[in-house]
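Peer 1: With the input below, show me the fold.
(one chain, ligands or ions: 2)
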Amino acid sequence: MKGTAVSPGIAIGKVFLLKKIEVESLQKNSDDPQKELAILETALKKSALELEKLIQASGEKLGETDAGIFQAHLMILQDDEFVQTVRDHIQAEKLCAAYAVVKTAEDFYIQFMQIEDEYIRERAADVKDVGMRVIKSILGTGTGLEAMPDGSVIVAQELSPSDTASMDSQKVCGIITESGGRTSHAAIIARNLGIPAIVGAGGITEQVETGTFIVFNGESGEIFIQPDGELVKKYIEMKAVKEKHKKLLMQFKDKKTFTHDNHQVELYANIASQNDTSAALENGAQGVGLFRTEFLYMNRDNEPSEEEQFVIYKKVLSDMKSKPVIIRTLDIGGDKNVPYLGLEKEDNPFLGFRAIRICLEKKEMFKKQLRAILRASIFGRARIMFPMISCLEELMTAKEIISECMQELDKRSIEYDRSIQIGIMIEVPSAAVISDILAKECDFFSIGTNDLIQYTTAVDRMNPKIAELYNQYNPAVLRLIKTVIENGHKEKIDVGMCGEAAGDEIMAYLLLGLGLDEFSMSPPCILNIRRLFSLADMNEAVNDAQTVLTMKDAREIKKFLEERNKKISER
Ligand code: PEP
Ligand code: MG
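Peer 2: Numbers count the residues shown, from 1 in each chain. Ligands and ions are numbered 1, 2, ... in the order given. Sure, this is the predicted structure:
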């Protein structure tokens, strides 16, 4: 069977089936609401205490991303609306405490799931998780994970972040769940802990029981229940090869990035929150090439204040210890919605009111973010980057707004980095075409291939039906990338890339040959690319890039680069 691979690696072990609490078997009514209210208060207190402990332990054991999850849980647990709704159910409908919690958590869950935004939908699981924690506390049952033996593959309908954090990660060699997506917390935590994981394996809890022998591949999503000896042998070998490769990569962690013939480039990390800096540093990032700040604006009821943002940017800059951090200003719209901004529904949101277009119109909101970045800039090496620039006027207006912010800070005698670098994303074809003009007005470019591919080829990046047409090897895309790099270099500015292509080993070699200076990618890709580059020769890469640019067809290009990659990796 197959699921969605969300955390790479091979798992070989015995199933530990995590049982759900049977909500249907809970007692529904009570004729003593006062007693139920008292039970609820005790359970709430106990759950809050557990969460506080988990927040503390997460900081030490799991990494700060997880502490953030439990902080969010604590907020739900202490949310007046949530708690009052439970109390109302107990008093008005004479429900038992546990049943009232189930009902409230379910109602909140349904409300969250109706929101279009995938990120918010996935947070719906948090409400359920908090509910389950309170119910377990009321019933006096644990998570069940306490009894788990060594070498277990956890199989569950859904694995809550609380479950993941209360398990002894040393005993877990893999995780499979029936629900959840790539950005669900269980997936994030599994990736952080380096545990192979698959989600979306519908029906698996019906097909196995505790003790069933199982093998799975966290890269392909393949699951084998009670496989034969031949297959197990093959997977044991694959696992050994992967572990050897992982160890090999660790030697590159604290190194700079050089090709075999000493050409130097920079490998940066893409991050989406202040908690991601640890993953960036652990994976040897030389800086942050893209801080997607829109996530600070999502999943809440109002925009973050200047002060709130200042604290976050300051933390990221300090954590990155004077390494460059490119902070991208708000890139909302398209598929990322922020309900409180009251943006109208559009027929073509990706071609509509998004990113810099919104910021230039909602000037006060934009200025809040810019002032926060400027104020934080003295705590490290901040750079400001504007997304979705499509013409010179947008860049010039955005720069004027930065000047206004600087004057305001001067008036308040607040320090900031006066020579802060200002750059733009090149992700719209018009910007790539006039990159010679734009390069004169900014300090750096970062090519956003995720959007550049979709806009150049008129292929929606989210539409699975036309996924084959969304192709990074399309010669039109490659020509634009070449133009941007050349135009940037003519004006002596650095040209980087923060689209997914930068972390793809087949593409990264081509980009190296095209002269890209900085590659920004998801942290787990960094060491692999550093190793690959250490084996590559810049002269050869330049020649290969020239050859590729004479090719007419994406398939031919891909094949050629794959063969080159194979040869170089074997050196
Ligand atoms: C891009 O478009 O390549 C990019 C990095 O931005 P995002 O994926 O956030 O749109
Ligand atoms: Mg983009």
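
Peer 1: Show me the helices in the stretch 201-350 of the chain, by range?
Peer 2: Taking DSSP state H, counting those that start in this stretch to define them, one finds helices in the stretch 201-350 of the chain at 204-207, 229-250, 277-282, 294-297, 306-319.

Peer 1: Quick one: closest of the ones you listed to ligand 2.
Peer 2: Of all these, helix 294-297 sits nearest to ligand 2, with 10.3 Å by Cβ to the ion. (Each C-beta comes from the backbone N, C-alpha and C, glycine too.)

Peer 1: Which strands or helices does the closest one pack on?
Peer 2: Here helix 294-297 touches helix 306-319, going by 3 or more Cβ pairs under 8 Å, 6 or more residues apart in numbering; DSSP states H and E.

Peer 1: Around ligand 2, which positions in the chain sit nearby?
Peer 2: Within the chain, the positions lying close to ligand 2 (Cβ under 5 Å from the ion) are Glu427, Gly448, Asp451.

Peer 1: What's the mean pLDDT across the one helix or strand Val548 maps to?
Peer 2: Using DSSP states H and E, Val548 sits within helix 538-550. The average pLDDT within helix 538-550 is 98.

Peer 1: which parts of it are buried?
Peer 2: Going by neighbour count (16 or more other Cβ atoms under 10 Å), the buried part of helix 538-550 is Met538, Glu540, Ala541, Asp544, Ala545, Val548.

Peer 1: Show me the contact partners of the following helix or strand past that helix.
Peer 2: The first helix or strand that comes after helix 538-550 along the chain, using DSSP H and E, is helix 554-569. With contact meaning Cβ atoms under 8 Å, 6 or more residues apart in numbering, helix 554-569 is reached by 471, 473-475, 478, 505-507, 509-510, 532, 535-536, 544, 547-548, 551.

Peer 1: let's go with 6 Å and repeat that
Peer 2: Asn471, Tyr473, Asn474, Ile506, Leu510, Leu535, Ala536, Asp544, Val548, Met551 (Cβ atoms under 6 Å, 6 or more residues apart in numbering).

Peer 1: thinking again about what came up before, distance to Ile420 added to the buried residues of helix 538-550, as a markdown table?
Peer 2: A markdown table is the format used below for the buried residues of helix 538-550 (distance: Cβ to Cβ, whole Å):
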| residue | distance to Ile420 |
| --- | --- |
| Met538 | 31 |
| Glu540 | 37 |
| Ala541 | 32 |
| Asp544 | 37 |
| Ala545 | 32 |
| Val548 | 36 |
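
Peer 1: Measure how buried the nearest residue to Glu394 once chain neighbours are set aside is and give me the count.
Peer 2: Leaving aside its chain neighbours, Glu394 sits nearest to Ile356 (5.5 Å; criterion: Cβ to Cβ, 6 or more residues apart in numbering). Around Ile356 there are 23 other residues, counting by other Cβ atoms under 10 Å.

Peer 1: Okay, the closest residue to Leu532 other than its chain neighbours and ligand 2: tell me how far apart.
Peer 2: Nearest residue to Leu532, sequence neighbours excluded (Cβ to Cβ, 6+ apart): Glu505, at 5.4 Å. From Glu505 across to ligand 2, the span is 22 Å (Cβ to the ion, to the nearest Å).

Peer 1: picking up where we left off before, now the residues of the chain next to ligand 2 as JSON lines including neighbour count?
Peer 2: Shown next, in JSON lines, are the residues of the chain next to ligand 2 (neighbours: other Cβ atoms under 10 Å):
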{"residue": "Glu427", "neighbour count": "26"}
{"residue": "Gly448", "neighbour count": "27"}
{"residue": "Asp451", "neighbour count": "23"}
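
Peer 1: just to revisit the earlier point, PyMOL command to pick out the buried ones of the contacts of helix 554-569?
Peer 2: Here is the PyMOL command that picks out the buried ones among those, judged by 16+ other Cβ under 10 Å:
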select buried, resi 471+473+474+506+510+536+544+548+551
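
Peer 1: tell me the two of the contacts of helix 554-569 that are most distant?
Peer 2: Spatial extent of these (Cβ to Cβ) is set by the pair Asn474 and Leu535 at 27.1 Å.

Peer 1: can you pull out the strands in the stretch 301-450 of the chain?
Peer 2: For the stretch 301-450 of the chain, strands defined by DSSP state E, counting those that start in this stretch occupy the ranges 324-328, 381-386, 421-426, 444-447.
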